[in-house]
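based on what follows, work out the 3D shape:
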Amino acid sequence: MIEINNLTSIALDENFFKKTAQKVFEGEKKKNIYLSIALVEPNRMRKINREYRGKNRVTDVLSFSEPNLFQKQLKKDPLLKAWNLGEIIICPREVKKNAKRFSSTFEKELTLCLIHGILHLLGYEHEKSEKKAELMARKQKNYLSQIFE
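Predicted coordinates:
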């Protein structure tokens, strides 16, 4: 189950988020996943980034995992009948800026942000070693190419 909370004035297709997430979950062989996605304005993203990462700037995507994820004990929510993976927060206005900066489209950049956030929640990372960064980059590229074939 994927819950989407659009707290912006930008209209976005919820099915896009659900299909993208399902593609990654299938590729990673994950079933019965609960994921929350929040779409926020830049001022809210700045506050969240400052509070949780100590960075007083807007970013395109943040992910917050279920605390037990890294102990390999995902908590099953009995009400949802699914594994609670965590929450991804995306700032569409920042995504739009990045798309322009990287000569990409808004849709591709938004897809990349969502894939990036999901992979983080599944335990992938890119900051601690070059090898892990390369693996995450390959996975992102693979899922992006599957979606935009």
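
my guess is Glu125 meets Leu135, correct?
No: assessed by CB atoms under 8 Å, Glu125 is found out of contact with Leu135, at 9.3 Å. C-beta coordinates here come from the backbone N, C-alpha and C atoms, glycine included.

now for the lengthiest helix in the chain, which elements pack on it?
Ordering each helix of the chain by length in residues (DSSP state H) puts helix 130-147 first. With contacts taken as 3 or more CB pairs under 8 Å, 6 or more residues apart in numbering; DSSP states H and E, helix 130-147 sits against helix 14-27, helix 106-121.

list the buried residues in it.
The neighbour-count check on helix 130-147 (16 or more other CB atoms under 10 Å) flags Met136, Lys139, Gln140, Tyr143, Leu144, Ile147 as buried.

restricting to C-alpha, output it in CSV.
Taking C-alpha atoms only, helix 130-147 is exported to CSV below (Å, rounded to 0.1, in the frame of the first residue of the first chain):
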residue,chain,number,x,y,z
GLU,A,130,32.4,4.1,-3.6
LYS,A,131,31.4,0.5,-4.1
LYS,A,132,28.0,1.0,-2.4
ALA,A,133,27.5,4.3,-4.3
GLU,A,134,28.1,2.5,-7.6
LEU,A,135,25.7,-0.2,-6.8
MET,A,136,23.0,2.3,-5.9
ALA,A,137,23.7,4.3,-9.0
ARG,A,138,23.4,1.1,-11.2
LYS,A,139,20.1,0.2,-9.6
GLN,A,140,18.7,3.7,-10.0
LYS,A,141,19.7,3.7,-13.7
ASN,A,142,18.2,0.3,-14.2
TYR,A,143,14.8,1.2,-12.7
LEU,A,144,14.8,4.5,-14.5
SER,A,145,15.4,2.8,-17.9
GLN,A,146,12.7,0.2,-17.2
ILE,A,147,10.2,3.0,-16.6
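
before we move on, the earlier item: export the buried residues of helix 130-147 as CSV, with columns for distance to Glu14 and pLDDT.
Below are the buried residues of helix 130-147 laid out as CSV (distance: CB to CB, whole Å; pLDDT from 0 to 100):
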residue, distance to Glu14, pLDDT
Met136, 26, 92
Lys139, 24, 95
Gln140, 22, 94
Tyr143, 19, 96
Leu144, 20, 95
Ile147, 16, 91
